[in-house]
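> Here is my input, please return the structure:
(3 chains)
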Amino acid sequence: MSVRVGSNLEKVLAAGQFAVTVEIGPPRGPDPAEVRKKAGFIRGIGDACNVTDNQTAVVRMSSIAAAKILLDEGIEPVMQMTCRDRNRIAMQSDLLGAWALGIRNCLCISGDHQKAGAGGKLKGHPGAKNVYDIDSIQLISVVKGLSENAVQEGGDTISQAAPFFIGAAWTPFGTPEKFRVMRLAKKIAAGANFIQTQAVYDVVHFAESMRKAREMGLTEKAAILAGVILPRSSGMLKYMKANVPGVDVPDAMIERMKSSKDPKAEGVKIAVELIQALKAIPGLRGVHLQAIEAEEALPEVAKAAGLFPRPSLG
Amino acid sequence: MIFADCKPIEEIVKNLKGSKNVLLIGCATCVAECAVGGEREVEILAPLLRMALEKEGGPVQITTKTLEKQCEAEFVEELVELMPGVDAVVSLACGIGVQAVADRFQKVAVFPGVNTSALTIREEPGLWATRCEACGDCVLGETFGICPISRCAKSLMNGPCGGTRNDGKCEVNPDVDCAWTLIVDRAEARGALKSLMEVRKTKNWSNSRHGGTKRVLREDLRV
Amino acid sequence: MNGQAQTTAFEPDIVVLYCGHCIREDRSIISALESVKGFSARCSMVSCSSQIEVSHVLKLLEQGVDGVEVIACSEGACKSLVGSARAEKRVRYAQTLLGNIHMNAERLGISRKKTGITVEDIVGLATERADAVRALGPNHMKNGGKK
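Numbering: from 1, shown residues only, chains lettered A, B, ... in the order given. All right, here's what the predicted structure looks like:
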């Protein structure tokens, strides 16, 4: 695929390299130093770094602001935009602002419902009015309109195009599974350039989903990156299997973590094995590496998986 | 029907503090169908209110009346003879009925006794579920008769989000089916899954409250 | 015990609502209840306990009655199949509503009985309800509802 936007992630993929993206969650407060601290952990590990948008409907520093801080730290961000909190007017306005600040990658997702923000120790804002003016697929078309045709959703033009490398999410094992590749196709048809999947622990199952995607010609049109979330304990894997929709964890893996004397080290080994197995899947163009509240563990994973250092393309 | 939930009685009692002569009115239409505001519920609430108010204060008179439809002027007129001496009205009708009464009897405080909250169907006795959001741009013909605007927590228009639970329920509420799973299943049963591949354009919300409060005049019905 | 409580000793006033299908014979329920000591009781028969509405029991309490006991057929014995089950649901709902206005739910109760109970059984159930209610003191709605 050719380079249209000029983002680092786009260039790495265009050069045929196996890409790596990472992710940080902005702080629940206004201190930019916290963003810089997380930036320090993941520096050099990925070709770009996702910055979540009020993930689980918990108020955090905005994705765009935190993304700009990352940019100033020399790290390429992938801003995220959910459909929960903004209508199409605010979204387009924020996208123009993000582009003005130098942000070039945008992941378009539905976003967790605000009920999710009230859980555990947090009160959140379950009483907030939700927006959901447009859905993630419509958002992709809106970003495409601004990127390629300098046109707003309502039809008015903007003064110049704001090219974005457009991302979307894929949960290949979500119910109803038969529709998930079709929904992926819709996202790509709407304009998605790259895809980041929900965490994969069952490579065989994922390879099957990738086969269907290949058969539909989707792997030619967009770069799919498999999600890899570093396991830290058997409890974490059990929790994800039971509570996170679309995450399929083989029982053998849970057992393996449980019986290990050093679960953290075992988790790194598992992540490395997953990455190596995923690399072998035809049509897979990279991985989206995450470590929940343990970003400092990612460099070890990247190095052990042979993904470090990242290519530096001009 | 228009659906409402009972207000917590503490809230109604608080509003009635100091009132001596209360008129409690029900409606025999929607709120009776969802068992919060019909005659039966009025006759349940009246003794409760009187006992609650007299616990703290002196004697209170509570008069009850259930109108056929509280949103129709001809029925609201029936309240005229009951109004003299009334210092507070509690209406168990939906917000429309409450306002019809408040508009007709502007000198008296009118308090709602229920929270109007949804447009529902009665799936089974005692079980109501939202079916419509009054979005003003009905797409039921494209979604196999299942409304994604009202039945999907995120009003998605192009298929399910990644949050559908493994058992097909919505991640937001485990008692609710993922609307898009229902749509996909029905499309497949009809051999029409391909139709869901079309990317649905953005919705025009302006024919609903989002376009401003509606005021619709039908000239063909006026003389 | 001698030197017992003065004339101000509280004698609860109980109403018994019973299903006619439960009772084997009806001959002298009224007079049996008139003869009880330490509380007063009246009764009312319904042909199925499902005829008892939530508003009925609440209105009895509104009128100042201290306690209400409902006697309904046991599971499976109701001649209207789910009538007594409905009655129980309604009594439980009424108890919740009483709790919401900070009145004691114990003023209300339901006993589910197989067909063939006797007058003595009814008196016994009324007595149990009276004993439960005695501890709560008089219903504030007596005498015009002053505190």
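
> roughly how far apart are the residue of the stretch 151-300 of chain A found nearest chain C and residue A:115?
At 32.2 Å from chain C, residue A:243 is the closest residue in the stretch 151-300 of chain A, using Cβ to the nearest Cβ. C-beta: built from backbone N, CA, C; applies to glycine. Distance, residue A:243 to residue A:115, using Cβ to Cβ, to the nearest Å: 14 Å.

> Could you do residue A:107 as well?
Distance from residue A:107 to residue A:115, by Cβ to Cβ: 22 Å.

> More neighbours: those two, which one.
Neighbour count, other Cβ atoms under 10 Å in any protein chain shown: between residue A:107 and residue A:115, residue A:107 has more, with 28 against 19.

> isn't there a strand covering that one?
Yes: counting by DSSP: H, G, I helix; E, B strand; the rest coil, residue A:107 falls inside a strand.

> so where's chain B shaky on pLDDT?
Judged by pLDDT under 70, chain B has no weakly predicted residues.

> Going by residue numbers, what spans are strands in it?
Secondary structure of chain B, counting by DSSP state E: strands at B:2-6, B:21-27, B:61-67, B:88-91, B:109-112, B:114-124, B:127-132.

> What pairs with the second one, parallel or antiparallel?
If you go by DSSP bridges, strand B:21-27 pairs up with strand B:61-67 (parallel), strand B:88-91 (parallel).

> Might you calculate how far it sits from the centre of the chain?
Mean-position distance between strand B:21-27 and its chain equals 19 Å (Cα atoms, centre = their mean, to the nearest Å).

> How about the first one?
Its chain's average C-alpha position is 4 Å from that of strand B:2-6, according to Cα atoms, centre = their mean.

> what's it in contact with?
Identification of contacts with strand B:2-6 by Cβ atoms under 8 Å, 6 or more residues apart in numbering or on different chains yields B:30-31, B:34, B:36-37, B:41, B:94, B:96, B:113-120, B:128, B:130.

> Show me which positions of it end up buried.
Of the residues in strand B:2-6, B:2, B:3, B:4, B:6 count as buried by neighbour count, 16 or more other Cβ atoms under 10 Å in any protein chain shown.

> nearest spatial neighbour of residue A:150, skipping sequence neighbours?
Excluding its sequence neighbours, the residue lying closest to residue A:150 (Cβ to Cβ, 6 or more residues apart in numbering or on different chains) is residue A:161, at 4.2 Å.

> Touching, that neighbour and residue A:145? I think so.
No: if you go by Cβ atoms under 8 Å, residue A:161 and residue A:145 don't touch, sitting 9.4 Å apart.

> what about those two, which has more around it?
Of the pair residue A:161 and residue A:145, residue A:145 is the one with more neighbours under other Cβ under 10 Å, namely 21 against 15.

> Need the pLDDT of the residue of the stretch 151-300 of chain A closest to chain C.
Note for residue A:243: predicted pLDDT of 88.

> quick one: contacts for it?
Residue A:243 sits next to no residue when contact means Cβ under 8 Å, 6+ apart.

> Next, give phi and psi for the closest residue to chain A within chain C.
Relative to chain A, the nearest point of chain C is residue C:100 (22.4 Å; Cβ to the nearest Cβ). The phi/psi pair for residue C:100 (degrees, to the nearest 10) reads phi -60, psi -30.

> Is it correct that it is in contact with residue B:7?
No: counting by Cβ under 8 Å, residue C:100 stays clear of residue B:7, with 11.1 Å between them.

> how about the residues of the stretch 101-250 of chain A that lie near chain C?
Within reach of chain C by Cβ under 8 Å from any Cβ of the partner chain, the stretch 101-250 of chain A has no residues at all.

> Residue 47: how many residues sit nearby?
Since no chain was named, I'll use chain A. When neighbours are counted by other Cβ under 10 Å, residue A:47 registers 27.

> My question was about chain C, not that one.
If you count neighbours by other Cβ under 10 Å, residue C:47 ends up with 12.

> cool, residue A:136 as well?
The tally of other residues near residue A:136 (other Cβ under 10 Å) stands at 28.

> so residue 9 is in which element?
You didn't pick a chain, so chain A it is. Assessed by DSSP states H and E, residue A:9 sits inside helix A:8-14.

> I was thinking of chain C, sorry if that wasn't clear
Here residue C:9, judged by DSSP H and E, is contained in no helix and no strand.

> Sweet, I'm off.
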